[in-house]
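In: need a structure here:
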Amino acid sequence: MAREALPERTLVVSLLGSSGSGKSTVAGQFAHRYGSWPRSGVGLGVQAAHDAGRPGSAVTFHTNRLPEERRSGVSITCGLTEIFAEGIQLSIVDSPGLRRFLKNMITGTCVADAAILLV
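Out: Numbers count the residues shown, from 1 in each chain. Have a look, this model is predicted:
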């Protein structure tokens with residue numbers, strides 16, 4: 001069995017913004033469109049969102065994995081999604097936006113090579 005080649009470069013990008021700015025949605029869309037979220041996981045996300053009473057937010061369930069995050073629709077911890085393409089690994093950190101979770105946001109952002117501010 002051949003080993004997969006390690007990526008030549010790893011880039012960590014943190015998504016920053018206030019609560020409700022779409023950070024989890026952007027991270028989930030990247031995961032869905034660029035392959036780090038298996039097709040079977042999409043169906044599970046849709047079912048979980050429906051069960052939580054939030055059917056329009058299935059894509060956010062990729063990074064918001066805690067039951068409280070899914071129930072409230074607010075990120076509490078940093079979520080991570082990874083994309084592998086042509087010798088590069090892109091790690092996207094979905095940071096919380098509420099002030100009371102500022103410590104968690106700083107933790108996720110301090111390891112980033114770059115940040116994207118969503119307003």
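In: Where is the longest strand in this structure?
Out: strand 9-17 (DSSP state E).
In: In which helix or strand does the closest residue to Ser18 other than its chain neighbours reside?
Out: Computed as Cβ to Cβ, 6 or more residues apart in numbering, the closest residue to Ser18 that is not its neighbour in sequence is Gly97, at 4.7 Å. Where you see a C-beta, it was placed from the backbone N, CA and C, and this is true even at glycine. Assigned by DSSP states H and E, Gly97 belongs to no helix or strand.
In: got the contact list for Gly97?
Out: By Cβ atoms under 8 Å, 6 or more residues apart in numbering, Gly97 lies in contact with Leu16, Gly17, Ser18, Ser19, Gly20, Ser21, Lys23, Val74, Ser75, Met105.
In: residues contacting the residue nearest to Phe101 when sequence neighbours are not counted?
Out: Leaving out its chain neighbours, the residue that sits closest to Phe101 by Cβ to Cβ, 6+ apart is Ile76, at 5.7 Å. When contacts are counted by Cβ under 8 Å, 6+ apart, Ile76 touches Leu66, Glu68, Glu69, Pro96, Phe101, Asn104.
In: between the residues you listed, which is nearest Val12?
Out: Of all the contacts of Ile76, Asn104 has the smallest distance to Val12: 15.9 Å, by Cβ to Cβ.
In: What does the pLDDT read for that closest one?
Out: We have a pLDDT of 84 for Asn104.
In: which residues touch Thr63?
Out: By Cβ under 8 Å, 6+ apart, the neighbours of Thr63 are Ser24, Ala27, Gly28, Ala31, Ser75, Gly79, Leu80, Thr81, Asp94.
In: Just these: which are in helices?
Out: Ser24, Ala27, Gly28, Ala31 (DSSP state H).
In: burial of the third one, as a residue count?
Out: The reference is to Gly28. 26 (other Cβ atoms under 10 Å).
In: what does the first one give?
Out: The criterion is other Cβ under 10 Å. On that basis, Ser24 has 27 neighbouring residues.
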